[in-house]
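1. Pasting the sequence and the predicted model now:
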Amino acid sequence: INLSMPQAEEDVALFYHLKNAVIRNLNIEQVHIVSGERAAALAVYLEDSTVINCFVSGTISGDAYAGGIAARIMSQGSLVQRCRADVEIHTTADYATAGGIAALLLDGTVEQCSSAGTIQGKSWSGGLLGNIFSGNIARCTSVAHVTGRSAGGMAGLIDRGTCSTSYAHGRVEGEVAAGF
């Protein structure tokens, strides 16, 4: 699928809200998305859903939240597995969050995923996830170039989440920067 949404006022993705859904083996390539608030290639909101073996490439820009697969992963029942993102992600608002797979992980699991490209956020930026408030990352990799106020190769902020058997090997730049 090629997806182009060059200028939108609100939230933009192929699906606005995936709830109790299963998405498998979907490639969304050469996306061009510019959104006023939240932006992602697959879904703005991912809730109690499973996304397996999907690939995203292209450019995604949002004011507040921008992610390759999803803007926000919202529930413990959500799983993103064996997905890849090769993306250019940009956010513009002062407290914006950007991530290669998702901008925000409120809960759920991201495993065996990888990201590459450039992740550029105003505040929290991560190669894989911008913010992890709760949830788990396992067996993931990122080689993305990450910039932001709080930047990390894997995540810009980890609050109550866990990260295991994962690595980041990309350039990281920020006021508070970490290799992981």
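-> Done, it's in. Note that this is a predicted model, so its numbers are computed, not measured.
2. In the chain, which strand is the longest?
-> The longest strand of the chain (DSSP state E) is strand 70-81.
3. immediately after that strand, which helix or strand?
-> Counting by DSSP states H and E, the element after strand 70-81 in chain order, helix or strand, is strand 84-91.
4. Give the pairing partners of that next one; include direction for each.
-> Using DSSP bridges, strand 84-91 pairs in its sheet with strand 55-62 (parallel), strand 114-120 (parallel).
5. Can you name the element that comes right after it?
-> strand 97-99.
6. That next one pairs with which strands, and in what direction?
-> Sheet pairing of strand 97-99 (DSSP bridges) gives strand 65-67 (parallel), strand 124-126 (parallel).
7. Now do the last one: everything it contacts.
-> Which is strand 124-126. 91, 96-100, 119, 130-131, 142, 146-157, 174 (Cβ atoms under 8 Å, 6 or more residues apart in numbering). (Each C-beta comes from the backbone N, C-alpha and C, glycine too.)
8. Report how many residues lie close to Leu157.
-> By other Cβ atoms under 10 Å, the residues close to Leu157 number 21.
9. looking at it, it is touching Ala151, isn't it?
-> No: using Cβ atoms under 8 Å, Leu157 is not in contact with Ala151; the gap is 9.8 Å.
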